[in-house]
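> I'll drop the sequence and a predicted model, then ask my questions.
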Amino acid sequence: MSYAALDAARVAKAAKSALTALGQIKEQSETLSRKTIMVERIERLLQLLRKPRCPVAVW
């Protein structure tokens, strides 16, 4: 397994953990919303990179 795949797996795990933590916060603020959107985008980019037809996939 390449280093890029290992790093991507770590980032995916961290993104999932962050979304779980952000989802547990009851108070909704603009900052929280922005953080949640940013983490969701990171998670979506990782999903796209894992697709075999992605031209920049490294694994």
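Right, received. Where do you want to start?

> from the contact counts, what lies against the helix or strand harbouring L48?
Element membership for L48, per DSSP states H and E: helix 30-50. Judged by 3 or more Cβ pairs under 8 Å, 6 or more residues apart in numbering; DSSP states H and E, helix 30-50 is in contact with helix 3-23. (Glycine included, C-beta is placed from N, CA and C.)

> hmm, who's touching the helix it packs on?
Applying Cβ atoms under 8 Å, 6 or more residues apart in numbering, the external contacts of helix 3-23 come out as 32, 35-36, 39-40, 42-43, 46, 49-50, 58-59.

> now do the buried residues in it.
8, 12, 15, 18-19 (16 or more other Cβ atoms under 10 Å).

> now do the helix holding L48 and helix 3-23, the angle between them.
On the basis of axes from the mean of the first three to the mean of the last three Cα atoms, to 10 degrees, helix 30-50 is oriented at 150 degrees to helix 3-23.

> so which bits of helix 30-50 are buried?
For helix 30-50, burial by neighbour count (16+ other Cβ under 10 Å) applies to 35-36, 39, 42-43, 49.

> show me the shaky parts of the chain.
1-6, 52-59 (pLDDT under 70).

> residues contacting the spatially most distant residue from the centre of it?
If you look at how far each residue of the chain sits from its centre, by Cα atoms, centre = their mean, the farthest one is E27, at 22.1 Å. E27 makes contact with no residue, according to Cβ under 8 Å, 6+ apart.

> still on that earlier bit, a markdown table please, covering the buried residues of helix 30-50 and showing distance to G23.
Formatted as a markdown table, the buried residues of helix 30-50 follow (distance: Cβ to Cβ, whole Å):
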| residue | distance to G23 |
| --- | --- |
| K35 | 11 |
| T36 | 8 |
| V39 | 10 |
| I42 | 15 |
| E43 | 13 |
| L49 | 24 |
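
> next one: V11 from Q47, what distance?
12 Å (Cβ to Cβ, to the nearest Å).

> quick check: neighbours shared by the two?
Common contact partners of V11 and Q47 (Cβ under 8 Å, 6+ apart): none.
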